[in-house]
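[1] No sequence on hand, only this structure:
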């Protein structure tokens with residue numbers, strides 16, 4: 001059966017794809033699991049508007065009543081926001097189960113990439129990608145986002161990998177699987193809340209047009225997989241490295257003591273870091289997502305013009 005039979009593309013997104021206009025995919029885990037209601041709904045709508053203001057059509061992605069959705073209504077976003085953690089957090093492995101039972105699912109980076117690719121959307125803006133968790137040598141806790149980047153042709157614009165992760169091992173994994181990590185106007189890998197880390201990106205590109213040209217060449221040659229476009233948080237919203245490191249270390253200790261692991265770990269750690277920083281990390285999180293939406297739109301516009 002054709003995968004399109006399971007997919008509903010919103011009319012404005014369908015029209016944009018049909019007429020060669022730029023479209024930017026957006027994930028929905030940030031709505032249900034990323035922040036409290038009603039701030040989550042307001043932020044989701046603000047991110048969509050940011051994409052529109054910069055010349056592209058937003059396609060927020062989720063599973064609603066068992067249907068894969070590329071483009072949500074305000075009602076859909078409100079439903080995800082109100083339900084919060086009661087919504088299933090969906091990665092690639094979870095999609096058929098939520099579809100089969102007609103359920104409600106918020107898509108992670110991996111699941112958003114899957115559905116975006118089905119819809120023919122090539123650029124996706126999010127906060128930060130998942131990666132190799134600290135202590136993965138024992139736990140083997142590696143985000144499915146990384147394997148998705150290795151096989152699915154979608155560029156992911158993000159503020160690097162979440163700083164709660166092992167950044168060195170995350171970069172090693174991406175290199176092994178042939179996923180390029182591009183720094184937008186930076187030589188250093190951004191670490192989500194901070195503008196840089198101790199690690200370098202594979203390539204630095206300084207304009208959306210350069211990034212679009214590389215994407216075009218990669219996919220035209222039949223090279224599979226996506227690309228990480230690492231876009232540093234704007235300087236005025238970045239957090240002091242010492243403060244964020246201290247909060248992360250404490251949150252990691254608490255997660256270990258409480259036996260929190262797997263897909264529950266990232267929402268727990270981000271919530272604890274937010275609490276430990278007095279809400280500063282949530283404010284930074286919102287600003288970096290908006291910044292990624294702007295760059296995602298610019299890359300999508302440049303890509304469509306090629």
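    It's in. Here the structure is a predicted model, which means the values were calculated and not measured. Numbering: from 1, shown residues only.
[2] For the rest of this, base every contact and every neighbour count on C-alpha atoms.
    OK.
[3] name the helices or strands packed onto the longest helix belonging to the chain?
    What stands out as the longest helix in the chain, according to DSSP state H, is helix 280-305. Here helix 280-305 touches strand 23-26, helix 39-53, strand 123-125, strand 155-158, helix 208-220, helix 265-276, going by 3 or more Cα pairs under 8 Å, 6 or more residues apart in numbering; DSSP states H and E.
[4] Could you identify the helix or strand that succeeds the fifth one?
    With elements assigned by DSSP states H and E, the helix or strand that comes after helix 208-220 is strand 227-230.
[5] cool, and the shortest one?
    Sequence-wise, the next helix or strand beyond strand 123-125 is helix 136-139, with elements assigned using DSSP H and E.
[6] Please list the outside residues in contact with that next one.
    residue 142 (Cα atoms under 8 Å, 6 or more residues apart in numbering).
[7] From the contact counts, what lies against the helix or strand just after it?
    Once helix 136-139 ends, the next helix or strand along the chain (criterion: DSSP H and E) is helix 144-151. If you count contacts as 3+ Cα pairs under 8 Å, 6+ apart, helix 144-151 packs onto helix 109-119, helix 167-176.
[8] Low-confidence stretches in this protein?
    1 (pLDDT under 70).
[9] mind checking which of the helices and strands packed on helix 280-305 is nearest residue 142?
    helix 265-276 (11.6 Å; Cα to Cα).
[10] Now do the closest one: which elements does it pack against?
    So helix 265-276, by 3+ Cα pairs under 8 Å, 6+ apart, packs with helix 241-258, helix 280-305.
[11] quick one: buried residues of the shortest one?
    Taking 16 or more other Cα atoms under 10 Å as the neighbour-count basis, helix 241-258 is seen to contain the buried residues 244, 247, 248, 251, 252, 255.
[12] residue contacts, the first one?
    For residue 244, the residues meeting the contact criterion (Cα under 8 Å, 6+ apart) are 193, 273, 277.
[13] The third one now?
    Contacts were defined as Cα under 8 Å, 6+ apart; by that measure residue 248 touches 163, 164, 269, 273.
[14] SS state for the first one?
    Judged by DSSP: H, G, I helix; E, B strand; the rest coil, the three-state class of residue 163 is coil.
[15] wait, it sits on residue 195?
    No: taking Cα atoms under 8 Å as the definition, residue 163 is not a contact partner of residue 195, at 10.9 Å.
[16] Count residues in the vicinity of residue 135, would you?
    11 (other Cα atoms under 10 Å).
[17] if we can go back for a sec, turn the buried residues of helix 241-258 into CSV, including distance to residue 6.
    Formatted as CSV, those follow (distance: Cα to Cα, whole Å):
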residue, distance to residue 6
244, 41
247, 42
248, 39
251, 39
252, 39
255, 37
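[18] quick one on the thing from earlier: and the longest helix of the chain, which residues are buried?
    Buried residues in helix 280-305 (16+ other Cα under 10 Å): 280-282, 284-303.
[19] repeat for stretch 129-148
    129-134, 141-148.
[20] Give me the distance from it to the chain's centre.
    How far stretch 129-148 lies from its chain's middle: 15 Å, per Cα atoms, centre = their mean, to the nearest Å.
[21] Distance of residue 199 relative to residue 96?
    Distance check for residue 199 against residue 96: by Cα to Cα, to the nearest Å, it reads 37 Å.
[22] can you check residue 22 too?
    29 Å.
[23] next one: residue 105
    In terms of Cα to Cα, residue 105 sits 11 Å off from residue 96.
[24] Between those two, tell me which one has more neighbours.
    Taking other Cα under 10 Å, residue 105 and residue 96 do not tie; residue 105 has more neighbours (30 against 12).
[25] which residues touch that one?
    By Cα under 8 Å, 6+ apart, the neighbours of residue 105 are 62, 63, 64, 87, 88, 89, 90, 98.
[26] Pick out whichever of those sits closest to residue 121.
    residue 62 (14.3 Å).
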